[in-house]
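>>> Please find the sequence and the predicted model below.
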Amino acid sequence: MSGWRLIRRAAGAGAGLKRPGAALAVALTAGGLSAAALTGTPAALAGSSPPPTPTTRLQGQFTATGTVMGAVNVPDEYRGEPVSRTWTFVPQCPSGGCATVQLIRQRGATGQDTLMLVWQAAGYYKGSGTFTAPVSCAGRVYANGELARYTITLTITSTASTTGSTDATGFTATYRNPSRTGLTKCYTAPSYDWARYTGAPAAPPAGG
C-alpha cells in the first residue's frame, strides 16, 4: 500500500503543470531560438530560401586557347606548349541555366571526347571522362593501348544578356589527366598531362 501512495503523490505533484513542452518552446523562442529549430520543421517550410540553381546558359561552340602545364611520357606534348582546341557545349535542358551540359571537346589534331559537365556552384562546372591512346608494344602499335582518365573544371568568367536569357561568353578551364593505365602486355611508364584554357565564342565561318 505504501508504494501505491507514493505513486499517487508523484502524479499529484505534477498535476498543475500543463504542456511543459509548449512552455519550454515559448521560453526558448523568446531567447532567440526559432520555432523551426525547436519543432524540427524543415527549413523550406520555415521560410528559408530555396537551394541555388544555375542561371547562366552555357552553349555553343567556343575556341579554347591554352597552355600545357605539365606532360610526362605523353607523345608529341611538352610543358609550355601552346594549344588551341574547339569545345562545343550542348545544354541538357530546354532553356536557362542547366544542371548538366554535354561537352564535346577536340583532342589533338583528330581526336574528340564527349563528357558531361555537372553544375557545382554559381558559374562552376565539373566533369570526368576517359579516352584511349595508341601505344607501341613489341614492334606493334595498339590504337587503344592505354586508358587515360581525366577531369575538367570550368568557370564562367563573362556573360551577355539576351531576351529572357543570360548566356556565357567566356570561361577558364583546367584539364587534368593524373595517370594512364596500360592495356597491353608491355610495361607502361608512368605518364600524365594537364593544361589550362581560356575560352571565347568561336568566330563564325568566313562569309557566314
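On my side now, so go ahead. On a predicted model such as this, the values are computed, not experimentally measured, just so you know.

>>> show me where this protein has helices.
Taking DSSP state H as the criterion, the chain carries its helices at 2-13, 20-30, 35-39.

>>> Can you check which strand is longest in the chain?
Across the chain, the longest stretch assigned as strand under DSSP state E is strand 140-162.

>>> in its sheet, what does it sit against?
strand 124-137 (antiparallel), strand 165-182 (antiparallel) (DSSP bridges).

>>> right, and Thr181 touches Ser191 too?
No - with contact defined as CB atoms under 8 Å, Thr181 does not reach Ser191; the gap is 9.9 Å. In this view, the C-beta of every residue, glycine as well, is placed from N, C-alpha and C.

>>> higher neighbour count, the two?
Ser191 (20 against 12; other CB atoms under 10 Å).

>>> I figured Gly96 was touching Arg57, is that so?
Yes - proximity of Gly96 to Arg57 meets the contact threshold set by CB under 8 Å, at 6.1 Å.

>>> Pull the number of nearby residues for the residue lying closest to Phe171 once chain neighbours are set aside.
Among residues not flanking Phe171 along the chain, Gly199 sits closest, at 4.3 Å (CB to CB, 6 or more residues apart in numbering). For Gly199, the neighbour count with other CB under 10 Å is 24.

>>> follow-up on the earlier one: which residues are common contacts for Gly96 and Arg57?
Jointly contacting Gly96 and Arg57 under the rule CB atoms under 8 Å, 6 or more residues apart in numbering are Ser165.

>>> More neighbours: these two, which one.
Arg57 (21 against 14).

>>> Skipping adjacent residues, who's closest to that one in space?
According to CB to CB, 6+ apart, the nearest residue to Arg57 is Asp167 (5.0 Å).

>>> Name the residues linked to the one you found by a beta bridge.
Residues in beta-bridge contact with Asp167 (DSSP bridges): Arg57, Ala160.

>>> same deal with the one 10 residues further on?
Assessed by DSSP bridges, Asn177 has beta-bridge partners Asp193.

>>> for it, what are its contacts?
Counting by CB under 8 Å, 6+ apart, Asn177 touches Ala148, Arg149, Tyr150, Tyr192, Asp193, Trp194.

>>> Check what pLDDT the fourth one gets.
What that stands for is Tyr192. If you check Tyr192, the pLDDT there is 93.

>>> That one: how many residues sit nearby?
Tyr192, neighbours per other CB under 10 Å, totals 16.

>>> Please apply the same query to the third one.
Residues near Tyr150, counting by other CB under 10 Å, number 21.

>>> who does it bridge with?
With DSSP bridges as the criterion, Tyr150 is bridged to Gly129.

>>> Just to check, it is in contact with Ala173?
No - counting by CB under 8 Å, Tyr150 does not reach Ala173; the two are 11.8 Å apart.

>>> Show me where this protein dips below the pLDDT cut-off.
Scanning the chain with the threshold set as pLDDT under 70 gives 1-51, 205-208.

>>> residues in contact with Thr53?
So Thr53 contacts Gly97, Ala99 (CB under 8 Å, 6+ apart).
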